[in-house]
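S.K.: This is a predicted model, with the sequence first.
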Amino acid sequence: MIRTPSVSPAASILRRVRADLGIAESGHDDGDVIPGVVPLPSRLAVGDLAWASVRACGLVADIGGLPDPERVAVAYRSDRVLTVDGTPPDVWSVYSGFWRTADGWVRTHGNYPHHARRLRDGLGLGTDADAHSVRAALLALTSHEAVDRITVARGLAVPVREEDPRDDERRRTAPLLAVEHMPSPTPRSSPDTHRRRGSGRIVSMPLAGVRVLDLTRVIAGPVCTRTLALLGADVLRIDPPHLAEPEWQHLDTGHGKRSAVLDARSGRFEELLAAADVVVLGYRPAALERLGLSPSDLVARHPGLVIAQLSAWGDDEPHRAGFDSLVQAESGIAMIESADGERPGALPAQALDHSAGYLLAAAVINLLDRERRDGDSWVVRTSLRRIAAELLGLPRNRRPAVEPEIDLSAHTAAFEVGGHRVSTARPALPGAEFAAPHLWGSDQPVW
């Protein structure tokens, strides 16, 4: 399936987003046309997905101007341009990657220390195990055996599979952004004056005065909340005390947000929820249920919230944890991107993560307007697997022979953070600039 000039995957994605969010289409919208090639070379329409995701956010936020294709590509590869005191961070653990097994391939993820420990436990390896040890252990197992052992130990591994077009077609029958209206039995009342309801728009920053409680990690959720902060929202990220975030990861996506550590079972946490306008959830649905933080739980306690929920695999598999790289491997993307048809490959960016972030941000902006107009509570859900299905259904490209050079100086910005000079990608949305990220966990859990 090769793309022809008459096909516009970006326009297809934007039409779906408009339909999911109930936004009327214009008769003629030049905003659906990418003003150039997005330099994310891939057999799949990654550039179109990236540009359309950013553009969708800009359209809903009523931002003039089209995203710059090169800026979008740099933003999607932000981990590759990040430097701290001039040095790029080491972003991948030796326990993360593709590994041969006795009958195929598996993909593992061990960037977090607890995931690395569980992977070693599943394979019967000691704390000093290196990549060679992991490789030898996995070669002695079938893919099914390897995934089963690591999963039982609560580590992260998936088999590398070929795509299943029928399964992806089934997934595409569900919305890309699934919106649910949740009527509130009682109106939400608060003496706070920060709320947007009835206060009118602040023209300079469309989300000025909106409080966003950020309960996300890694890339997708933080990209969403970073975008909301860019548009003026007061974003407070809360992490559990026992689970530190890798410094580089937070610096890459923490722009404009405050970051605090707090137990989700505490009274202080409930006070933060009570004063929030938006809650963004990025943990497994089953884990949220256990903590009483599912959308239905939150709405029952705090009517009038806008809630955005992201998961790796969707509500069909609420207990599964996952990351962009694992979804690429199991969905068939890794084999499509194989350079030789044998060893799995990868997309040129963590495109499922970044696209999920921008699309959820677009939905939040739209639902804030609905909440202000109609009241009640609103929930929007998407998953990395659902976005993968969308990408797999788009017309495909021939991979460019040579990746174009990009002048990064035009697309990066530098900040002083905790005594370090941090250089990061600039915003993909036109007309705005990031505020500096705070150090992880360095703020108080207060609005």
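M.R.: Perfect, I can see it now.
S.K.: For my notes, confirm A308 occurs in a helix.
M.R.: No - under the criterion used here (DSSP: H, G, I helix; E, B strand; the rest coil), A308 is strand, not part of a helix.
S.K.: List the residues that contact the residue of the chain most remote from its centre.
M.R.: The C-alpha centroid of the chain is most remote from A140, which lies 34.5 Å away (C-alpha atoms, centre = their mean). Contacts for A140 (C-beta atoms under 8 Å, 6 or more residues apart in numbering) come out as A102. Backbone N, C-alpha and C define where each C-beta goes, glycine included.
S.K.: Relative to V134, how far out is it?
M.R.: 11 Å (C-beta to C-beta, to the nearest Å).
S.K.: what does R43 give?
M.R.: 29 Å.
S.K.: Could you point out the helix or strand that follows the strand or helix carrying T227?
M.R.: Using DSSP states H and E, T227 maps to helix 220-230. Per DSSP H and E, the first helix or strand lying C-terminal to helix 220-230 is strand 234-239.
S.K.: Show residues contacting that next one.
M.R.: So strand 234-239 is contacted by 194, 209-217, 222, 225-226, 228-229, 245, 254, 256-262, 264, 269, 272, 440-441, 443, 445, 447 (C-beta under 8 Å, 6+ apart).
S.K.: Quick one, grab the pLDDT at the residue lying closest to L123 once chain neighbours are set aside.
M.R.: Closest residue to L123 apart from its sequence neighbours, by C-beta to C-beta, 6 or more residues apart in numbering: A137 at 4.3 Å. Listed pLDDT for A137 reads 98.
S.K.: got a list of what A137 touches?
M.R.: 123-125.
S.K.: Next one: the residue farthest from the centre of the chain from L176, what distance?
M.R.: For A140 relative to L176 (C-beta to C-beta), the value is 41 Å.
S.K.: ok, now S383?
M.R.: 10 Å.
S.K.: Repeat that for D148.
M.R.: With C-beta to C-beta as the criterion, D148 and L176 are 32 Å apart.
S.K.: who's more crowded, the two?
M.R.: Using other C-beta atoms under 10 Å, the more surrounded residue of D148 and L176 is L176, with 24 against 14.
S.K.: Go ahead and flag the most central residue of the protein.
M.R.: A220 (1.3 Å).
S.K.: from what I can see that residue touches V327, true?
M.R.: No - with contacts counted by C-beta atoms under 8 Å, A220 stays clear of V327, the gap being 10.6 Å.
S.K.: what is in contact with those two at once?
M.R.: Among the neighbours of A220, those also in contact with V327 (C-beta under 8 Å, 6+ apart) are 352, 384.
S.K.: show me where pLDDT drops low in this protein?
M.R.: For the chain, applying pLDDT under 70 flags the ranges 1-7, 26-32, 185-204, 399-402.
S.K.: the longest helix in it is where?
M.R.: Counting by DSSP state H, the longest helix found in the chain is helix 351-374.
S.K.: can you pull the buried residues of that one?
M.R.: Within helix 351-374, the residues scored as buried using 16 or more other C-beta atoms under 10 Å are 351-372.
S.K.: residue ranges of the strands in the protein, please?
M.R.: 83-84, 97-100, 105-108, 157-159, 178-182, 211-215, 234-239, 258-261, 278-281, 306-311, 377-383, 412-417, 420-425 (DSSP state E).
S.K.: Mind putting those strands into CSV with mean neighbour count and distance to P69?
M.R.: As requested, those are exported to CSV (neighbours: other C-beta atoms under 10 Å; distance: least, C-beta to C-beta, whole Å):
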stretch, mean neighbour count, distance to P69
strand 83-84, 17, 23
strand 97-100, 17, 29
strand 105-108, 25, 29
strand 157-159, 24, 32
strand 178-182, 15, 29
strand 211-215, 24, 29
strand 234-239, 24, 27
strand 258-261, 20, 31
strand 278-281, 26, 27
strand 306-311, 27, 25
strand 377-383, 25, 24
strand 412-417, 14, 16
strand 420-425, 19, 14
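S.K.: Next, format the ones you listed as CSV and append distance to R15.
M.R.: Below are the strands of the chain laid out as CSV (distance: least, C-beta to C-beta, whole Å):
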stretch, distance to R15
strand 83-84, 38
strand 97-100, 35
strand 105-108, 32
strand 157-159, 31
strand 178-182, 16
strand 211-215, 28
strand 234-239, 30
strand 258-261, 36
strand 278-281, 25
strand 306-311, 21
strand 377-383, 16
strand 412-417, 33
strand 420-425, 28
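S.K.: For G431, which of those strands is the nearest?
M.R.: Among the strands of the chain, the nearest to G431 by C-beta to C-beta is strand 412-417 (14.4 Å).
S.K.: can you give me the offset of that closest one from its chain's centre?
M.R.: 22 Å (C-alpha atoms, centre = their mean, to the nearest Å).
S.K.: Contacts for that strand, please.
M.R.: 74, 81, 251, 421-426, 433-434, 436-439.
S.K.: repeat that with 6 Å
M.R.: 81, 421-423, 425-426, 436-437 (C-beta atoms under 6 Å, 6 or more residues apart in numbering).
S.K.: Would you tell me which one of those residues comes nearest to P285?
M.R.: Of the contacts of strand 412-417, the one sitting nearest to P285 (C-beta to C-beta) turns out to be P437, at 27.9 Å.
S.K.: Give me the distance between the closest one and L305.
M.R.: 26 Å.
S.K.: mind listing what A276 touches?
M.R.: Going by C-beta under 6 Å, 6+ apart, A276 touches 211, 213.
S.K.: same thing but 7 Å
M.R.: A276 makes contacts with 211-213, 305, as judged by C-beta atoms under 7 Å, 6 or more residues apart in numbering.
S.K.: cool, H255 as well?
M.R.: H255 touches 226, 229, 434-437, counting by C-beta under 7 Å, 6+ apart.
S.K.: Nearest residue to it in space, please, no chain neighbours.
M.R.: Closest to H255 by C-beta to C-beta, 6+ apart is F434, at 3.8 Å.
S.K.: measure the one you found to P69 for me?
M.R.: 19 Å.
S.K.: ditto for A24
M.R.: From A24 to P69 the distance is 27 Å (C-beta to C-beta).
S.K.: more crowded one of those two?
M.R.: More crowded of A24 and P69, by other C-beta under 10 Å: P69, with 21 against 6.
S.K.: Quick check: that one touching V38?
M.R.: Yes - taking contacts as C-beta atoms under 7 Å, P69 lies within contact range of V38: 4.3 Å.
S.K.: Residues in contact with both of these two, list them for me.
M.R.: W51.
S.K.: quick one on the thing from earlier: can you flag the buried ones in the contacts of strand 234-239?
M.R.: Buried, going by 16+ other C-beta under 10 Å: 209-217, 222, 225-226, 228-229, 245, 254, 256-262, 264, 269, 272, 440-441, 443, 445, out of the contacts of strand 234-239.
S.K.: No more questions from me, cheers.
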